[in-house]
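Trainee: My questions concern the predicted model and sequence given below.
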Amino acid sequence: MNHRIRTAAFLLLAASIAAPVFAQSAGADTYKAKCQMCHAADGTGNKAMKVPSFKDAKSSDDLAAAVKSGKGTGAVKMPAYTGKLSDAQINDVVTYVKGLK
């Protein structure tokens, strides 16, 4: 019985450590495919295009809302990703972006 409890505890610990790493990796892949072209590899944005830096980003909720609904007006507008990315993908990319600071 103690062996099963130790094994279960070990598996839960391993999963809790691995989950953020997996989200970071999945977020990085999504960021590279969808965001990096305008926001740069390091999240500093593109001043010529008037794309803001993630270094100035507010909360995770604000970032998620921008990803879901899009942002900006005129020629340089971030597209909305609702329906194009799942909620899990959006959360992963927000986690990745918050880690760029």
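Mentor: Perfect, thanks for sending it.
Trainee: And the contacts of stretch 50-57?
Mentor: Applying C-beta atoms under 8 Å, 6 or more residues apart in numbering, the contact partners of stretch 50-57 are 38-39, 43-45, 63, 76, 78, 97-98, 100-101. Quick note: C-beta positions are derived from backbone N, CA and C, even for glycine.
Trainee: Those in helices, which ones?
Mentor: 38-39, 63, 97-98 (DSSP state H).
Trainee: Residue 92 is in what secondary structure piece?
Mentor: Per DSSP states H and E: residue 92 is located in helix 87-99.
Trainee: Quick check: buried residues in that helix?
Mentor: Buried residues in helix 87-99, defined by neighbour count with 16 or more other C-beta atoms under 10 Å: 89-97.
Trainee: which residues touch that helix?
Mentor: With C-beta under 8 Å, 6+ apart as the criterion, helix 87-99 contacts 20, 23-24, 26-28, 30-31, 34-35, 43, 54, 57, 60, 63-64, 67-68, 81, 85.
Trainee: which ones among the residues you listed are found in strands?
Mentor: Judged by DSSP state E, the subset of the contacts of helix 87-99 located in strands is empty.
Trainee: okay, which residue is most central for the chain?
Mentor: residue 93 (1.4 Å; C-alpha atoms, centre = their mean).
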